[in-house]
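J.: Give me the fold of what follows.
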Amino acid sequence: MRWKVCCFAILLFCISGAVSSAAQSRIDCGAMNSRILKRSVRYCVYIPEGYDSSVPRRCPLLYLLHGLGDNEQTLFNSGGWTLIDDLRHQRKIGDFLIVAPEGWRSFYVNSADGSLRYSDFFLHEFMPYVEGRYRVVPGRSGRAITGISMGGYGALRFAFAYPQLFSAVSAQSAALITETSQQLDAAMHSGYPLANVIAEVFGDPINVRHWDANDPFLLAKKNAAELRRLAIYFNCGQQDNYGFEKGAAKLNEELDSEHVPHEYRPYPGDHSISYFISHFDEVMEFHSRAFHLTK
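T.: You can find the predicted model right below:
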């Protein structure tokens, strides 16, 4: 799941080309002290050039959740902003802020033992902090969430659990696990690749009640009526190294059965930086349309 920074930068340069010298977007990185987590949490914000225009205005905001092994700087330090700027200059996307918080190995949920209350932090501290610090379109219409791999799980979980807070959600190669908690318990002691992380977050053995409460599949069924007001997009490589294509297909079937409109894109590819990059522009264009910034 770890993105190779040097490869990312080279590939992004090859794909997106040089950014116009007129670009004045910027990256604002900082940290906030969390009372809930009892620690400092780093974050980075992509700010489009239109935000700093002579006439102050509010912009929509997209939360971006990183994958396992990455951090809040991965996209921006590796040159990801060049691709975003290029899309803007081609008028394929409009102006919106992109906020990436540090997520560690949390899966962006509260841990079963209560030692890391990441979901509580994100909802009750981080979102109010960011939205009070930057000029953003207030409320649900100006707020969306996306993520990659572990972050894709987190984005879907947040949006499906709290559809009243977000107008759109997207995910690339989301860490959607189709095995039952009982199957995972057995697998975790026989070399399952995510065993240690799952045990840290969901318990060993898995706390079934906690697992089910955060399960995107069950949340999609539970909150189907509210999800019909949510713009939903997700993709996954069909040769995913972790088998997450099975989870994407299952989510597609679940949303279809509940008559929840969504966009599902199964593509050739594995769980790699080259796959994520090749479809990142599609994700950004989806959110620009969902924010009604482009057609």
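J.: before we move on, which element is Pro266 in?
T.: With elements taken from DSSP states H and E, the one containing Pro266 is strand 263-267.
J.: What is the subsequent helix or strand relative to that strand?
T.: Assigned by DSSP H and E, the successor of strand 263-267 is helix 273-290.
J.: tell me the angle that following helix makes with strand 263-267.
T.: Using axes from the mean of the first three to the mean of the last three C-alpha atoms, to 10 degrees, one finds that helix 273-290 and strand 263-267 are set 160 degrees apart in direction.
J.: List the buried residues of helix 273-290.
T.: Residues 273, 275-281, 283-290 are the ones in helix 273-290 that count as buried (16 or more other C-beta atoms under 10 Å). Where C-beta positions appear, they are placed from N, C-alpha and C, glycine not excepted.
J.: How far away from the center of its chain is that helix?
T.: For helix 273-290, the distance from its own C-alpha centre to the chain's C-alpha centre is 12 Å (C-alpha atoms, centre = their mean, to the nearest Å).
J.: Which other helices and strands does that helix contact?
T.: The criterion is 3 or more C-beta pairs under 8 Å, 6 or more residues apart in numbering; DSSP states H and E, and the helices and strands that helix 273-290 contacts are helix 5-16, helix 80-89, strand 143-148, strand 168-172, strand 231-237, strand 263-267.
J.: run the last query once more with 7 Å
T.: Packing partners of helix 273-290 (3 or more C-beta pairs under 7 Å, 6 or more residues apart in numbering; DSSP states H and E): helix 5-16, helix 80-89, strand 143-148, strand 168-172, strand 231-237.
J.: Turn these into CSV, columns for distance to Phe244, mean neighbour count and mean pLDDT.
T.: What follows is the helices and strands packed on helix 273-290, written out as CSV (distance: least, C-beta to C-beta, whole Å; neighbours: other C-beta atoms under 10 Å; pLDDT from 0 to 100):
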stretch, distance to Phe244, mean neighbour count, mean pLDDT
helix 5-16, 20, 16, 39
helix 80-89, 21, 21, 89
strand 143-148, 11, 28, 98
strand 168-172, 10, 28, 98
strand 231-237, 6, 24, 98
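J.: Kindly state the beta-bridge partners for the residue lying closest to Thr146 once chain neighbours are set aside.
T.: Nearest residue to Thr146, sequence neighbours excluded (C-beta to C-beta, 6 or more residues apart in numbering): Ser170, at 4.3 Å. Per DSSP bridges, residues listed as beta-bridge partners of Ser170: Thr146, Tyr233.
J.: Ser170 reaches Phe286, doesn't it?
T.: Yes: here Ser170 lies in contact with Phe286, judged by C-beta atoms under 7 Å, at a distance of 5.7 Å.
J.: of all the helices and strands packed on helix 273-290, which lies closest to Val41?
T.: Between Val41 and those, the shortest gap by C-beta to C-beta is with strand 143-148, which sits at 16.3 Å.
J.: Taking their axis directions, the closest one and strand 231-237 sit at what angle?
T.: Using the same axes, to 10 degrees, the interaxial angle of strand 143-148 with respect to strand 231-237 works out to 10 degrees.
J.: Tell me how far strand 143-148 lies from the chain's centre.
T.: Chain-centre distance of strand 143-148: 4 Å, with C-alpha atoms, centre = their mean.
J.: What is it packed up against?
T.: Using 3+ C-beta pairs under 7 Å, 6+ apart: strand 143-148 touches strand 61-65, helix 150-161, strand 168-172, helix 273-290.
J.: Which SSE is immediately downstream of the lowest-mean-pLDDT helix or strand in the chain?
T.: Across the helices and strands of the chain, the lowest-confidence element by mean pLDDT, DSSP states H and E is helix 5-16, at a mean of 39. Following the chain from helix 5-16 toward its C-terminal end, the next helix or strand by DSSP H and E is strand 26-34.
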